[in-house]
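> After the sequence you'll find the predicted model.
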Amino acid sequence: MFVRKTTRRYKGKTYTNYLLVESVRTPAGPRQKTVCSLGDLTPRPAAEWMRLARRVEDALAGRQDLFDSDDPEIRRIVEEVRSRQTSPSESAEKVPALSGKSADDLVAVHVDQVQVERAREAGPVHVGYEFWKRLGLSDILKTCDLSDRAIELTCAMTLNRLIHPDSEHAMPNWIRSTALDELIGVDFEGLGEDSLYENLDRLYPRRSVIESALVERERTLFNLESTVFFYDLTSTYFEGQALKNPKAKRGYSRDKRPDCKQVVIGLVVGREGFPQAHEVFEGNVQDRATLGEMLDRLKDRVGLPEGSTVVVDRGMAYDENLQQLRDRNLRYVIAARQAERNQWLDEFEELDGFEEVLREPSLTNPCQKKSSVRVKRKVLKSKQVDDKNNDQEVEENADPDDKETYVLCVSGGRIEKDRAIRAKQEQRLLADIQKLQQRIDKGRLKTELAIGKAIGRLQERYPRVARYHRLEYDKATETFRHSIDTERREKAERLDGGYVLRTNRHDLSATEAWMMYSTLTRAEAAFRAMKSPLAERPIFHQLQHRVETHIFLCVLAYHLLTAIETTLLAKDVHTSWASVRETLSTHQICTVVLPTDDGVLRIRRATKPEPQHLELYQHLNVPVEILRPIKTWSPISDNDASECSD
């Protein structure tokens, strides 16, 4: 006889048991039979385990040692073994000879009846859960007084948004279709949608605290810079009327869905692309009206040191926004509004002073084409910024607070884009002008007021090109005239591809300022990721607090996504989470069913990882072993017997 160690994992805990095993001869060859269970022997020195086995063997054979006669442990084991041998239901002939086997046991299996059951997707869930632990999200949620069950549900909901975004109604079925329950040791068999809705309600008041702690954790883990912030906005629309959400309103839709109510989401990201803070605004809010509130939120949640640089797009290039930044002693890099290019027409036409910058494909978008941008730096007095008739340069030793740096940029790729947009709008405008002319000629529009309104609608619909198309109606002659301002049109063509940046940082060269502004695309990439792979839109929730928590879960999932892609980029692996997710989806956990003459042995284990799986796990520093094999033995039943006979 000898002692064998077995382990079993249940609900996240590992249980150890030691079996007393003997070798027996059978017609099929030598086999090993479990005599009895010895329980957990770890308190006892390992050297005594074999001695215990020999003493029990001697006692069963009648060779009891004088000193063992009063040993209660030996006596208990012997009585247990003899009671099993004399029980009709547990007789030696009916005890499966293969019970309690480990991976190195020999098993006589009916190979034609081997099956695989309960296959579950494991690879993406495994990676997502490992990064959940790496970011310390469970500990962060625990400090917010959330119960273990709430933490488990939040983990499952966040991983769902990361891997296979579903509604709360469909989410339980997805969770049960993956190996998530086995990875985190939680039973989700009876999980319903009501529990998920209730968890949204629990998370809602704790969002800002969780976000702040997570940002601090990422700064330490990834050594992130906290002096440059990129702020941008997007919108997301609703299915339904959203009557119970006061923030749901119709406004400018970035999703091209003006027919739906929406909310506006403001997101601040750091230089490396990690989210710093987010806020949900009313659906009809103007971009410039959000800057002050977002700066306050950023300061309260993660800190906004004086002298930090804020990068924003032209939607916030207004005097009141710049003043808000100056009042907080912040630096800024901002794209000037399109109309401000006009004062720089001569500068754009003069090539002297421009330097060329080659734009390489970004780390987050390796498929991006190479392009070049020409940049020129000009320094003006701040009080002259909005004065089109006075653009005199100032001396470099002037008061820093009294000057502002302009960077003129000309993008070769943007020239073609601007021309294509203008040509398309002009084609549509001319078609609508012709329709308007026909309506007037046929007498459908008669009054000067009605015709004036129609002209105004055209100018509002095509602002890019309508400014150099003159539309007039002469009441006296009842004629409608259309003409083109050739000079303004040529001026617009000369400005194609040009845009202007403004900054109060005087330590930046033209190239550095442009490169900092171009990094704003990280915020835009965050919105694209939240809307596409994380399926943040459309929103089906009708209550305001659940809408905002839904968006918060998307932000949490984006934290995980960014951490995964950043880890890959550090290994010089340029791939997206979507590609990683698709590749790992074929790594699964399943149960191998091995039928024998005495019963059925089931082994629950992960499939062997393929080379592409191993490569990703190595780059992400994620354990290759997803689940230690779990073996269960069951006597053969009538159903099993009928299946075997079939």
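Thanks, I have the structure now. Residues are numbered from 1 along each chain as shown.

> and stretch 247-265, average pLDDT?
Average pLDDT, stretch 247-265: 91.

> what's Leu430 in contact with, if anything?
For Leu430, the contact set (C-beta atoms under 8 Å, 6 or more residues apart in numbering) is empty. Heads up, the C-betas are built off the backbone N, CA and C, glycines and all.

> tell me the phi and psi of it?
Backbone torsions of Leu430, given as degrees, to the nearest 10, read phi -60, psi -40.

> For Ala450, see how far away it is.
21 Å (C-beta to C-beta, to the nearest Å).

> just the helices in the stretch 351-500 of the chain please.
412-441, 448-461, 463-466, 486-494 (DSSP state H, counting those that start in this stretch).

> Of the ones you listed, flag the one that's most buried.
A comparison of those by mean neighbour count, using mean count of other C-beta atoms under 10 Å, puts helix 463-466 on top with a mean of 16.

> And it, what does it pack against?
If you count contacts as 3 or more C-beta pairs under 8 Å, 6 or more residues apart in numbering; DSSP states H and E, helix 463-466 packs onto helix 412-441.

> and the helix it packs on, how far out from the chain's middle?
Helix 412-441 sits 39 Å away from the centroid of its parent chain (C-alpha atoms, centre = their mean, to the nearest Å).

> any idea of the angle it forms with helix 486-494?
Interaxial angle of helix 412-441 relative to helix 486-494 (axes from the mean of the first three to the mean of the last three C-alpha atoms, to 10 degrees): 150 degrees.

> The residue sitting nearest the centre point of the chain and Leu471, how far apart?
The centroid of the chain falls nearest to Tyr558 when counting by C-alpha atoms, centre = their mean (2.7 Å). According to C-beta to C-beta, Tyr558 and Leu471 sit 47 Å apart.

> contacting residues for the residue nearest to the centre of the chain?
Pro275, Ala526, Ala529, Met530, Leu534.

> Please pick the buried ones from these.
Buried members of the contacts of Tyr558, scored by 16 or more other C-beta atoms under 10 Å, are Pro275, Ala526, Ala529, Met530, Leu534.

> In helices, which of those residues fall?
Among those, the members found in helices (DSSP state H) are Ala526, Ala529, Met530.

> Let me have those residues in JSON lines, extended by distance to Leu601 and pLDDT.
Below are these laid out as JSON lines (distance: C-beta to C-beta, whole Å; pLDDT from 0 to 100):
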{"residue": "Ala526", "distance to Leu601": "49", "pLDDT": "81"}
{"residue": "Ala529", "distance to Leu601": "45", "pLDDT": "79"}
{"residue": "Met530", "distance to Leu601": "46", "pLDDT": "79"}
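
> what helix or strand is the residue nearest to the centre of the chain on?
Using DSSP states H and E, Tyr558 maps to helix 544-570.

> Just the buried positions in that helix, please.
Of all the residues in helix 544-570, those buried under the rule 16+ other C-beta under 10 Å are 544, 546-569.

> After it, which helix or strand is next? Please name it.
The helix or strand immediately downstream of helix 544-570 is helix 577-584, counting by DSSP H and E.
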